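# Let me see the structure of the following:
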Amino acid sequence: MSTLRGDFGNPLDLERLVDHEASSIFHLAAIVSGQAEQNFELGMKVNFDGTRALLERVRALGTRAKVVTTSSVAVFGGELPETVDDARVWSPQSSYGTQKAMSDLLLADYSRRGYIDGRSLRMPTIVVRSGAANRAASSFASGIIREPVNGMSATCPVAPETMLWLMSPERAIRNLIHGHELPSELLSQGRVINMPGLSMSVSGMIESLRRVAGDAAAQRITFERDPLVERIVNSWPGNFSAHYARSLGFTADTDFDSIIRQFLEENSISQRQ
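Modelled structure (predicted):
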């Protein structure tokens, strides 16, 4: 196994990173939602131009490589039903969502034309992420769990009743591998697939934290509403039917308590703080 580092926006780096031996490509690079909203040029360069350059490289090689990438619930917006079905028309309300929607359409067309064998998995918000917070609008969803169980305070920028569509990192990895392994002939309803997830309110997440890690952990969370974050997050659906994904064998987490316990175990953190 070897590791190469480069910028796939740079043609020379891309040629070095993707050659005739690259039969399977997992493309997860992105400028996250909050940063893409604040820096339009960078978001376009990485999220759309970079994706197009990658797909063009595979097309030029003629290998029809399998390309697995991730999309986002941010492609939706406007007036939404309580549960979004697979036929729902996309209507992004942010630059990030627009960039992801354009990339999804491009991947689907390159697959239709036989240039690649693409699969775009439209992921829920992934929690609980390890490491430092990033500039994603959804970063707080991990922060309100990760920081309190580590004895630190956390600020939640959205209302307690805000609904989120969630998936654990472990489940996301399983679904990415499953998406790669699916035969292309099974993808009869399209190459962009809404993943199954767990629909939870922020208050429900905090109650799970209280059950698993105790009152002290839950009391480390304060609410400080941020209009920009709320505008972005509230444009996302909080629940999906995901019938197509389920028919293909993709799976969801069953409860949020288990997601928190998994995070504590993987990071060697005691359950009651």
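
# Tell me, how many residues neighbour the residue nearest to residue 7 when sequence neighbours are not counted?
With C-beta to C-beta, 6 or more residues apart in numbering as the measure, residue 13 is the residue that lies nearest to residue 7, at 5.1 Å, once sequence neighbours are left out. (Each C-beta comes from the backbone N, C-alpha and C, glycine too.) A total of 15 residues lie near residue 13 under the criterion other C-beta atoms under 10 Å.

# What average pLDDT does the helix or strand where residue 13 lies get?
Here residue 13, judged by DSSP states H and E, is contained in helix 11-17. Per-residue pLDDT values across helix 11-17 average out to 91.

# And stretch 265-273, by the same measure?
73.

# Following the longest helix along the chain in sequence, what is the next regular element?
Using DSSP state H to define each element, the chain has its longest helix at helix 95-112. Under the assignment DSSP H and E, the closest C-terminal helix or strand after helix 95-112 is strand 117-123.

# on contacts alone, who are the packing partners of that following strand?
Here strand 117-123 is seen to pack against strand 66-72, helix 95-112, helix 169-181, strand 192-194 when contacts are counted using 3 or more C-beta pairs under 8 Å, 6 or more residues apart in numbering; DSSP states H and E.

# in the helix holding residue 13, what counts as buried?
By neighbour count with 16 or more other C-beta atoms under 10 Å, helix 11-17 contains the buried residues 14, 17.

# Mind listing residues that contact it?
Contact partners of helix 11-17, identified using C-beta atoms under 8 Å, 6 or more residues apart in numbering, comprise 4, 6-8, 53-54, 57.

# can we see that at 10 Å?
By C-beta atoms under 10 Å, 6 or more residues apart in numbering, the residues outside helix 11-17 that reach it are 4-8, 10, 25, 50, 53-54, 56-57, 60-61.

# strands paired with the following helix or strand past that helix, and their directions?
Sequence-wise, the next helix or strand downstream of helix 11-17 (DSSP H and E) is strand 24-27. Each strand that pairs with strand 24-27, with its direction, by DSSP bridges: strand 66-72 (parallel).

# gap between the strand it pairs with and the chain center?
10 Å (C-alpha atoms, centre = their mean, to the nearest Å).

# Stretch 107-120 too?
From the chain centre to the centre of stretch 107-120 is a distance of 20 Å (C-alpha atoms, centre = their mean).

# circling back: out of the contacts of helix 11-17, who has the most neighbours?
Taking other C-beta under 10 Å to define a neighbour, the member of the contacts of helix 11-17 with the most is residue 54, carrying 24 neighbours.

# quick one: that one is in a helix?
Yes. Secondary structure assignment places residue 54 in a helix (DSSP: H, G, I helix; E, B strand; the rest coil).

# how far away is it from residue 180?
Computed with C-beta to C-beta, to the nearest Å, the distance linking residue 54 and residue 180 is 16 Å.

# what ranges do the helices span in the stretch 101-250 of the chain?
All helices of the stretch 101-250 of the chain, identified by DSSP state H, counting those that start in this stretch, fall at 139-149, 169-181, 202-213, 215-218, 227-233, 243-247.
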